[in-house]
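>>> Predicted structure and sequence below. I'll ask about it afterward.
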Amino acid sequence: MEVVVRTVELTRRYKMGDTYVDALRGLNLTLSRGELVALVGPSGSGKSTALHLIGGLDRPTSGQVWIDGTELSASDEQTLTRHRRQHVGFVFQSFNLLPRLTAEENVALPLMFGGMPEGERCQRARMLLERVGLEARMAHRPTQLSGGEQQRVAIARALVGQPALLLADEPTGNLDSVTGQGIMELLRELNRERGLTLLVVSHDPEVAAFADRIVRLRDGQEV
């Protein structure tokens, strides 16, 4: 299998007052193309830190992050921005939708920064909203949508740039169990349909059960 993500002795240390906290301590992780991997562990185990480093949202204290042959920790800010925009989709627990925009406008927004014409942006957004089952809710704003619907909008937005890698940080954390299962079923379907490589961070064993492989973290290390 082709390796899409590889971390090498990945370490992230934060300074808190007069002390240092090691959020990650030498993580070695690989993801193959098209694989769905669950990164699980208790709060403070380093799950979200790992996801942010792989996504180029943060830089490691030491170690390396390789995505499709590019080493992120040695990259400049322009390269990291391009990496996030072109290669990675993000789904967060808190949805992060803009309240004044409709579902369609929220999904299309990332394409505006890439300079795509408005007609093409809207067409792609509508296609994705139809795919996630929201064809009747495109003109609704986030406050008019349920939690599950907001997360589906967030998933559509994460996919609108056609990334090869999708990173989901506690994607069911703000949802009830039935709605959360529906979101994970959707992510699994998209993973299989599109050949997406998908890394899901969660503390929920029901979420982890959808994965091809489970990686367990504790105190910043794989166990």
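Structure's in. What do you need?
>>> what's the spacing between the helix ranked longest in the chain and its chain's center?
The helix spanning the most residues in the chain, taking DSSP state H as the definition, is helix 177-194. Centre-to-centre, helix 177-194 and its host chain are 14 Å apart (Cα atoms, centre = their mean, to the nearest Å).
>>> What segments of this protein are strands?
For the chain, strands defined by DSSP state E occupy the ranges 3-16, 19-32, 36-40, 62-67, 70-71, 88-92, 165-169, 197-202, 213-218, 221-222.
>>> The fifth one - which strands sit beside it in the sheet, and in what orientation?
By that I understand strand 70-71. strand 62-67 (antiparallel) (DSSP bridges).
>>> Ok, the first one next?
Each strand that pairs with strand 3-16, with its direction, by DSSP bridges: strand 19-32 (antiparallel), strand 62-67 (antiparallel).
>>> Mind putting these into TSV with mean pLDDT?
Conversion of the strands paired with strand 3-16 to TSV gives the following (pLDDT from 0 to 100):
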stretch	mean pLDDT
strand 19-32	94
strand 62-67	94
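>>> In TSV, list those strands along with mean neighbour count.
(Glycine included, C-beta is placed from N, CA and C.) Supplementary listing: the strands paired with strand 3-16 in TSV, determined by neighbours: other Cβ atoms under 10 Å:
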stretch	mean neighbour count
strand 19-32	17
strand 62-67	19
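>>> With distance to L217 as added columns, please give these in CSV.
Converted to CSV, the strands paired with strand 3-16 look like this (distance: least, Cβ to Cβ, whole Å):
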stretch, distance to L217
strand 19-32, 8
strand 62-67, 15
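>>> Lowest average confidence across helices and strands of the chain, where is it?
helix 77-87 (a mean of 83; mean pLDDT, DSSP states H and E).
>>> Just the buried positions in that helix, please.
The neighbour-count check on helix 77-87 (16 or more other Cβ atoms under 10 Å) flags L80, H83, R84, H87 as buried.
>>> and the second one, what is it in contact with?
The one in question is H83. By Cβ atoms under 8 Å, 6 or more residues apart in numbering, H83 lies in contact with G56, I67, T70, L72, S75.
>>> which one of the buried residues of helix 77-87 sits closest to L109?
Nearest to L109 out of those is R84 (Cβ to Cβ; 14.0 Å).
>>> Just the pLDDT for the closest residue to that closest one other than its chain neighbours.
Among residues not flanking R84 along the chain, G56 sits closest, at 5.2 Å (Cβ to Cβ, 6 or more residues apart in numbering). Looking at G56, its pLDDT is 89.
>>> right, and G56 touches Q86 too?
No - using Cβ atoms under 8 Å, G56 is not in contact with Q86, being 10.9 Å away.
>>> returning to that earlier point: in contact with the residue nearest to R84, which residues?
Neighbouring residues of G56 by Cβ under 8 Å, 6+ apart: V65, I67, L72, S75, L80, H83, R84, V88.
>>> try it again with 7 Å
Contacts here follow Cβ atoms under 7 Å, 6 or more residues apart in numbering; on that basis G56 touches L72, L80, H83, R84, V88.
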